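Chemist: what follows is a predicted structure for the sequence shown.
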Amino acid sequence: MTVYDRDHLPEELQNLPESGFEPANNEWNVDERFKTEPIGFYKDAMRRLFHNRLSVISLCAIVIIIILSIAVPNLTGYGYTQQNVKQKNLPSKIPGLEGLGIFDGTRVLTNIKKSSISDPKRYPEGSVLEVLREYKAGRQDVVDVKVDYYLYCGVPEGEYHWMGTDYLGRDIMTRLFKGTRISLMIAALSVLTNLVIGIIYGSIAGYYGGRVDMVMTHLAEVLDGLPYIVVTILFMLWLGSGMLSIILALTVTGWIGTARLTRAQFYRYKHREYVLAARTLGVPDRKLIFRHILPNTVGPLITRAMIAVPGAIFSESFLAYIGLGIKPPEPSIGILLSEGQKLLLQYPNQTFFPALLISILMIAFNMLSNGLRDAMDPSRRGED
Amino acid sequence: MFKYILGRIGAMLLTLFLVMTLSFWVIRLMPMTIFENPEVSPEVQRRLEDRMHLHEPMIVQYYYFIEGIVTKGDFGTSVKIRPGLQVFDIIKERIPPTMLLNFFSLLISIPLGILSGTAAALKRNTWVDNVISFLIVIFISVPSFVFASLMQYVFAFMWPVFPTLYNAQAPNVWAAFHSMILPIIALSLNPIATIARYLRGELIETLSSEYMLLARTKGLTQQEATWRHAFRNSLVPIANTIIPLITGIMGGSLVIEKIFAVPGTGGLLVDSILGGDHFLTVALLIFYSLISLVTIFVVDVSYGIIDPRIRIGGGK
Amino acid sequence: MKKVFILALALMLMVSCLAVSATAEKVIRTYLANDTETLNGQNSVQSNVNTPATYCQATLYRAVPDEDGRNFHYIGEIAADLPQQVDAVTWRIPLRKEACWANGEPINADTMIYSYKMGLDPVLSNQMADFISDQDITIKNAKAYSLQTSDAPVSWDDVGIKKIDDYTLEIVTDGEFSQTNVCSHFTTRAVVPVYEPLYEKGMAADRTSTTYGSTKDMWMCSGPYKLDSWVFGSVQTYVRNENYWLPELFHYDRVEVRIIPEMNARVELWEKGELDYLAPDANVIETYVDDPRTVEYSSATVYHIDLNCKNPNNPVCGSLNYRKAMYHAMNREVIAHDLFGYQQPSGVYVNGQAGMFSESGLTYRESEQGKAVTDMVNSWGPYGYSPELAREYLAKAYEECGLPEDTVLTLCFAYDPSEANWNATAQYLQEELPVIFEGKVKVEFDTYSGISTTVYKQQHDTWDFSPNDWTRAASRTFPYACFYYYLSSYGSHPNNYFDEEFEAQYAVCDSEEVKSDYNRMLDETKKLEEIYLEKVIHIPVVQETYYEMFADKLVLPVETYLPGFGWGLPFGDIVE
């Protein structure tokens, strides 16, 4: 390797013509253009969410149920409080499916005195479809029969109750979707209240830290020590039954989890450089909290809220069962389930349909929250 | 450590006091049936009310109430469910069935939950996972009282392998346990599903993490890596679910006990609330709080010993 | 591991086989919906106390079935013989020398005197005191003794319960009663003997209460069976009491009473054959109404709705026309048949059992007088239901109170939602009343739980309707007695509507002169019931029909339901 000195250049390099040089093509030097459009965090998250098939299905299911809960009570042709006590506890009968032998509005009655089925006042003409078994019990002739229960109760031809009717002859489908609306409302409002209280409490504790945090965390600890059932029951007793009391009862201890999560996120982010920078620039506390730190917690909070929605519906049904639910005649999924449970042996359809709906709702909310968690995971940004 | 435990005990006592105060004020301010018999003469009524201090201002009654508990362990007298009996004696008799029910339920839900959660995670996206995940959602979403009634119908009536009701007079331990299996299972479905769901999520996340790759790279087999790294790491956060699990089981037993006629505290609490036996309700609420506080304390302290970082109040 | 499991399985099978083979004795298995709050029959208004009292306690007299199963009669249980009349109002009751407690200690006149003295004690104020003082017979000064105050004391010596000698009691009544009345008076749970040592042991220092009967150890049996075990909230079992002196009347070796709150569980056990008795409720009656095993009878209960005449929110609540409007607005057929489940609608208040202990054996409802009232009610509409009359009366009420015709009245139906039948009825009326009154009436709810309806009414004044089923005053001898609670003189009346004419007529019915002349008593009762309907003291709705089922292996001692006796389940036998 030879090292050349400017003054001692070799002959052949000394008189190179100026024109032999041209500026280098500096295209490589320019910042590479983004191949894709620049997008924000939320847009990215949404994009990823909608690429997840399960999430989309769950979201659709939830939206469909919400739409149904608004539309169905107006479409069935029955009001949710409309009664027909002569047509109570009907089995389900769905047009189209009746021919298949299911949901055809029939019921098997066992151990019936033979004399009663020949009484046209009790069993109208044609309501007994089939005598399944005939035997003697003591001195009496007894039969098992299959009855067209709609005819038995005197329901006019062509009238259908897809999910049957309840103990007052109210259409269960109408009540179920009306109840879904109320249950979802209870869930959404209680979760929302929990979020608001939790975020504010957690932000203050997490941001200020020190003594403030100490006091606030301990206070939350003490409240959290109260068993959830005890507090809920106490609240329901205090406020009396009703939608508002249920929402409040679910809020009493519900916000603590949110507060804890928010506080932890604050601890994680408040010492980051960008926050320090903002603080140095004189951004006020309020703005620091809500503009710079809080957005980081949105992801986990949304996930949490999604799981909390079915949890609230579940709690509501528990309260309904022990007799602390919302006031009649308003329905809710919990009320329907606890009413159905009492008649489970006789009329299983009154439990089956609410249970099916609550399960679908739960699955959908769980799947959606999983999808959201993945989508909002900052470490997966840009992934497809 | 000692200071930490002391702090926890302090917080616990404070909470307990809070529960006592809260339940007293909430419940005792509500109307109460003391005299079922409307023909009680005013004089006798006054005498009875005097004995229960019902004529004093509420704050004085509150003092008597706290004093009774602290100095004599006296929670008052039942007025409705078992009139005349000391509330404490009524509860005492009811604790064993409830405790057994809750204990066994906890005992089977943790391993079963872990097992099914692990199975689902390891066999992710196979039929095993699908079946387990489906069951998880069903068990989480359908309230336990529906399952309890259903199980009672299927396993005690249609296919009578278990008795319909709890047998309080079983001639032997097996018969007693036999009659408790259905309530235990009914009570455990939800907790099993809760643990399984949690663990499945945790495990799947850990299994796809980078240190698993490292473990494989350093020569561990998939099984070893799963066992030593993924599984153990996922188990730690499970402890977080234990406290809500226990309170969940206690709440569930309120309902299950009624359905299977288990003579425990859960059914008693529901009866006393609906029956307006306020002294009993207050005492039961305190009892329930005590149980959950003790559990929290035990879990917290053992955690504090295992993992000092978790201690609360231990420096910021 | 597998071996151990199989071994364990084999062991379990063996154990269960053993358990099966051990049950060769005659066991009757029945149930209660809730456990008895106390076994002390003197101090519980809950009817479930009747079960332990019937099986485990002797009373002075016991109703037993006739040989032929067609009727029943009274025999002396603790009493040696039927009561002997000394004069018009004095009865002597001889006691058996062999009567004793389950522990062998004797029961004599002192035991009975102590029991009644305690039962009526003014300080203890037992809830069933009126069952001792005034049920089928009225014992002289007994009520005055139990309700005395310190400024007007009544001495025990003045009460008409006396000891003649160790084995003879004397009862002095207010007014004249038949021998049957005296017997039936001394058969209830309120007049069982109490065991003094335990009664005193459980006594509070100020003698305001006793814990007698609160646990198995604090109770002493004297009946055909004795309490073997009691797991509160789960099961009571009774076994034969070897010291009982009339064992040949009873056939079971063991009685198992399980506490089963859930109807589903009861139905399952019944269908599995693990219960020998089932009373289907409104939810399951549809399944069992045509079952050949189901039997039915009219009980002494008429479910009714009280009306508040002092609701500050209701401008017409004081109007009689408003009360009449509400009376005519109840579609009793629907409520009874569809909501209460195959029950009997009723537009009148005197129940289907009242008066059955008369000489004629006819109930008041079957008598000419009773039928006349029913006919009058039916002339208004079926069981008094008439939407036209209801609207007419409401319009009159509006006019009377100076309200514009199109006023919309909001009525408050206060009820306990855990009572399923009333829950359904309340919701039914909420839909139905606006239809009947063409939108002029709306119904709202106030639900309460944990307190009795009486207590609710004491603490609230903003209700309009409140369901009631209190029938303690319903007497099988004197049909008018069921109106007793609706007098202003009654301490804690369930209603706040009083009427002078009604009270005066009640006094006429209750007078000695009328009571001693049966036909006249029926006439006066008819007048009383007419005034009751005219003034709408409250609104009768449903005459309860009781449905029961008995297992096939059970042999009951009577052929049909005997009013005042029932099916005689305690005297039944088991034939496999």
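Modeler: Cool, the structure landed. As the structure is a computational prediction, the values presented were derived from the model and not from experiment.
Chemist: tell me the confidence at the closest residue to residue C:52 other than its chain neighbours?
Modeler: Once flanking residues are discounted, residue C:52 sits nearest to residue C:39: 5.4 Å by C-beta to C-beta, 6 or more residues apart in numbering or on different chains. In this view, the C-beta of every residue, glycine as well, is placed from N, C-alpha and C. Model confidence at residue C:39, given as pLDDT, is 92.
Chemist: wait, residue C:39 touches residue C:220, no?
Modeler: No. Contact criterion C-beta atoms under 8 Å: residue C:39 and residue C:220 do not qualify, at 9.8 Å.
Chemist: between those two, which has more neighbouring residues?
Modeler: Comparing residue C:39 with residue C:220 by neighbour count (other C-beta atoms under 10 Å in any protein chain shown), the higher total belongs to residue C:39, at 26 against 23.
Chemist: who's in contact with the more buried one?
Modeler: Contact criterion C-beta atoms under 8 Å, 6 or more residues apart in numbering or on different chains gives C:49, C:52-53, C:56, C:213-214, C:219, C:227 as the residues in contact with residue C:39.
Chemist: do the same with residue C:99
Modeler: With C-beta under 8 Å, 6+ apart as the criterion, the residues that contact residue C:99 are C:58, C:77-78, C:106-108, C:222, C:245.
Chemist: now swap in residue A:112 and tell me
Modeler: Here residue A:112 is in contact with A:142-145, C:290-291 (criterion: C-beta under 8 Å, 6+ apart).
Chemist: which of those residues are buried?
Modeler: When the contacts of residue A:112 are checked for burial by 16 or more other C-beta atoms under 10 Å in any protein chain shown, the buried set is A:142-143, A:145, C:290-291.
Chemist: so what's the residue in the stretch 1-150 of chain C that chain A sits nearest to closest to, chain neighbours aside?
Modeler: For the stretch 1-150 of chain C and chain A, the shortest gap (C-beta to the nearest C-beta) falls at residue C:33, measuring 13.2 Å. In space, not counting the residues next to it along the chain, residue C:33 is nearest to residue C:261; the distance is 6.0 Å by C-beta to C-beta, 6+ apart.
Chemist: what strand or helix carries the one you found?
Modeler: Element membership of residue C:261 [criterion: DSSP states H and E] is none; it lies in no helix or strand.
Chemist: repeat for the one 3 residues further on
Modeler: With elements taken from DSSP H and E, the one containing residue C:264 is helix C:263-272.
Chemist: for that helix, which positions count as buried?
Modeler: Of the residues in helix C:263-272, those with enough neighbours to count as buried (16+ other C-beta under 10 Å) are C:263-270.
Chemist: repeat that for stretch B:17-24.
Modeler: B:19-20, B:22-24.
Chemist: show me the shaky parts of the chain.
Modeler: Just so you know, I chose chain A. Low-confidence segments of chain A, defined by pLDDT under 70, span residues A:1-4, A:6, A:23-39, A:225-227, A:377-384.
Chemist: hmm, I had chain C in mind actually
Modeler: Of all residues in chain C, those with pLDDT under 70 make up the ranges C:1-24, C:450, C:471-474, C:491-492.
Chemist: check the burial of residue A:197 by counting its neighbours.
Modeler: Here the number of neighbours of residue A:197 (other C-beta under 10 Å) works out to 16.
Chemist: actually residue A:151, not the one I typed
Modeler: Residue A:151 is flanked by 19 other residues according to other C-beta under 10 Å.
Chemist: same question, residue B:217
Modeler: Around residue B:217 there are 9 other residues, counting by other C-beta under 10 Å.
Chemist: how about the one 5 residues further on?
Modeler: Counted with other C-beta under 10 Å, residues neighbouring residue B:222 total 13.
Chemist: phi first, then psi, for residue C:53.
Modeler: The phi and psi values for residue C:53, taken as degrees, to the nearest 10, are phi -70, psi -40.
Chemist: residues in contact with it?
Modeler: C:39, C:41, C:189, C:192, C:223.
Chemist: and if you look at residue C:175?
Modeler: Taking C-beta under 8 Å, 6+ apart as the definition, contacts of residue C:175 comprise C:89, C:138, C:512, C:515-516.
Chemist: list only buried entries from the residues you listed.
Modeler: Buried members of the contacts of residue C:175, counted by 16+ other C-beta under 10 Å: C:89, C:138, C:515.
Chemist: pipe those into CSV and attach secondary structure and distance to residue B:192 per row.
Modeler: Converted to CSV, the buried ones among the contacts of residue C:175 look like this (DSSP: H, G, I helix; E, B strand; the rest coil; distance: C-beta to C-beta, whole Å):
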residue, secondary structure, distance to residue B:192
C:89, coil, 72
C:138, strand, 64
C:515, helix, 69
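Chemist: tell me the bridge partners for residue C:95.
Modeler: Using DSSP bridges, the bridge partners assigned to residue C:95 are residue C:79.
Chemist: what's the separation between it and chain B?
Modeler: When distance is defined by C-beta to the nearest C-beta, to the nearest Å, residue C:95 is 29 Å away from chain B.
Chemist: burial count for that residue?
Modeler: For residue C:95, the count of nearby residues is 23 (other C-beta under 10 Å).
Chemist: my read: it touches residue C:165, true?
Modeler: No. Residue C:95 is beyond contact range of residue C:165, at 9.5 Å (criterion: C-beta under 8 Å).
Chemist: residues shared between the contacts of these two?
Modeler: The contact lists of residue C:95 and residue C:165 share residue C:109, where a contact means C-beta under 8 Å, 6+ apart.
Chemist: helix or strand: which one has the closest residue in space to residue B:296 that isn't next to it in sequence?
Modeler: Of all residues beyond its chain neighbours, the one nearest residue B:296 is residue B:243 (5.4 Å), with distances taken as C-beta to C-beta, 6+ apart. With elements taken from DSSP H and E, the one containing residue B:243 is helix B:232-259.
Chemist: continuing past that helix, what's the next helix or strand?
Modeler: Scanning forward in sequence from helix B:232-259 by DSSP H and E, the next helix or strand is helix B:265-275.
Chemist: for the residue of the stretch 201-350 of chain A found nearest chain C, which residues are in contact?
Modeler: In the stretch 201-350 of chain A, no residue comes nearer to chain C than residue A:329, which is 4.9 Å away by C-beta to the nearest C-beta. Neighbouring residues of residue A:329 by C-beta under 8 Å, 6+ apart: A:80-81, C:427, C:430.
Chemist: repeat for residue A:204
Modeler: Residue A:204 makes contacts with A:212, A:216, as judged by C-beta under 8 Å, 6+ apart.
Chemist: sorry, back to before: which strands or helices does the helix holding residue B:243 pack on?
Modeler: Other elements packing on helix B:232-259 under the criterion 3 or more C-beta pairs under 8 Å, 6 or more residues apart in numbering or on different chains; DSSP states H and E are helix A:228-239, helix A:298-321, helix B:87-122, helix B:144-151, helix B:173-207, helix B:265-275, helix B:278-306.
Chemist: how many residues are close by residue A:285?
Modeler: The burial count assigned to residue A:285 is 11, neighbours taken as other C-beta under 10 Å.
Chemist: ditto for residue A:223
Modeler: A count of neighbours around residue A:223, defined by other C-beta under 10 Å, yields 16.
Chemist: can you pull the buried residues of the helix or strand containing it?
Modeler: Assigned by DSSP H and E, residue A:223 falls within helix A:210-225. Of the residues in helix A:210-225, those with enough neighbours to count as buried (16+ other C-beta under 10 Å) are A:213, A:216-218, A:220-225.
Chemist: show me where the stretch 1-150 of chain C has its helices.
Modeler: Assigned helices in the stretch 1-150 of chain C, in chain order: C:2-21, C:50-56, C:109-119, C:129-133, C:142-146 (criterion: DSSP state H, counting those that start in this stretch).
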